[in-house]
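K.L.:
pasting the sequence and the predicted model now:
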Amino acid sequence: EWLARLDPRAAGAPKEFPFMLAAGGRRMFNANQIFRDPAWRREDPDGAMLINSSDLRNLGAEDGDWVAVESVIGRLVVRCKLDDALRNGQLALPHGYGQAYPASDGERLINGPRINLLTESGNRDPIAGTPYHKNVAVRLALVSAQEAAAYQSQSERIHLKAAGQ
């Protein structure tokens with residue numbers, strides 16, 4: 001019955017959230033959150049958001065920059081990584097990041113994006129109740145130089161500490 005009510009014309013991203021984020025993708029060096037040691041991630045240590053080059057250029061950002069990703073319910077600051085295999089308007093973030101990792105001195109550092117903060121639990125499959133992690137409407141925004149520097153500093157600190165330095 002609910003399938004008959006679906007309207008494909010209404011399936012696009014709303015104007016205020018023009019990008020569709022596939023949250024929770026598998027990458028070469030990510031797994032589930034059991035693997036919290038940032039040193040294990042030899043590639044993509046920050047869990048970068050994959051984005052098409054024209055979308056990144058239209059935003060006014062460059063490969064490796066920190067940008068804000070905002071959904072109806074949350075905001076994350078993430079590192080960008082160019083990937084022209086993605087269509088315009090399509091973004092991807094990996095799963096398995098965002099945990100507080102205990103550094104050797106006892107400080108707990110967040111490694112990568114906590115993607116569940118962007119997922120609205122009411123936007124879900126009506127039968128199974130599973131949230132639509134692979135279809136999260138978001139918008140992007142540039143961050144201030146100060147905020148980008150803070151995220152870059154934390155990234156460097158966690159990866160130095162994970163490497164035992």
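P.N.:
Cool, the structure landed.
K.L.:
where do the helices sit along the protein?
P.N.:
For the chain, applying DSSP state H gives helices covering 2-5, 53-59, 145-162.
K.L.:
which of these sits closest to residue 15?
P.N.:
helix 53-59 (15.4 Å; C-beta to C-beta). Yep, even glycine has a C-beta here, placed from its N, CA and C like the rest.
K.L.:
and the pLDDT for residue 165?
P.N.:
Each residue has a pLDDT score; the one for residue 165 is 58.
K.L.:
residue 83 too?
P.N.:
Residue 83 is given a pLDDT of 96.
K.L.:
need the contact list for the most centrally placed residue in the chain.
P.N.:
Nearest to the geometric centre of the chain sits residue 93, at 3.8 Å (C-alpha atoms, centre = their mean). Neighbouring residues of residue 93 by C-beta atoms under 8 Å, 6 or more residues apart in numbering: 21, 22, 23, 24, 25, 47, 49, 50, 69, 78, 113, 115.
K.L.:
which one of the helices of the chain lies closest to residue 98?
P.N.:
Going by C-beta to C-beta, the one of those nearest residue 98 is helix 145-162, 12.0 Å.
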